[in-house]
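okay, sequence plus prediction incoming.
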Amino acid sequence: MASFHPGGEVAFLIEINLRNVSFRQKGTMPQEKYLDCIEACNHCANECTYCANACLHEEDVKMMAKCIALDQDCSILCRTASLLMSADSPFAADICGVCAEACRACAEECRSHDMDHCQKCADMCERCAEQCEKMAAEMA
């Protein structure tokens, strides 16, 4: 294992050139303009994760397989969209569009089940889809 200390054999120099960093709105961190969508994505990801876990504890887990799979996909896409918006990534708009599609599919599946966790998940997915569709349109 290499030793990393002053005067040691290995030295690292990291240069950060802040002059090359630019934000679309001067004086504003990029995530501030996406805050509603970022929050909706984070809440949706959490709700989907909870729903998938609750579905695993239902009596007929096989009947919940599609719901669980969509919950997982939706959660992953929501977290990815949130991270990309936070980084002001040029890919955020595309991922937000895909995220909205996943949220709509997840909401539709969850609505087909009577459990409270599925209904709450569907509500959050619908809210997130609306925010992601709006954000994707604004970023495009």
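All right, it came through fine.

report the mean confidence score over the lengthiest helix in the chain.
Determined from DSSP state H, the single longest helix within the chain is helix 116-139. Across helix 116-139, the average pLDDT comes to 96.

work out the gap between it and the centre of the chain.
11 Å (CA atoms, centre = their mean, to the nearest Å).

that helix packs against which elements?
helix 35-56, helix 65-86, helix 92-111 (3 or more CB pairs under 8 Å, 6 or more residues apart in numbering; DSSP states H and E). For the C-beta atoms, the positions are set from N, CA and C on the backbone; glycine is no exception.

10 Å instead, please
helix 30-33, helix 35-56, helix 65-86, helix 92-111 (3 or more CB pairs under 10 Å, 6 or more residues apart in numbering; DSSP states H and E).

ok, and for stretch 131-140, which residues are buried?
Under the neighbour-count criterion of 16 or more other CB atoms under 10 Å, stretch 131-140 has Gln131, Cys132, Glu133, Met135, Ala136, Met139 buried.

contact partners of it?
Here stretch 131-140 makes contact (CB atoms under 10 Å, 6 or more residues apart in numbering) with 24, 33-34, 36-41, 43-44, 77-78, 81, 85, 88-104.
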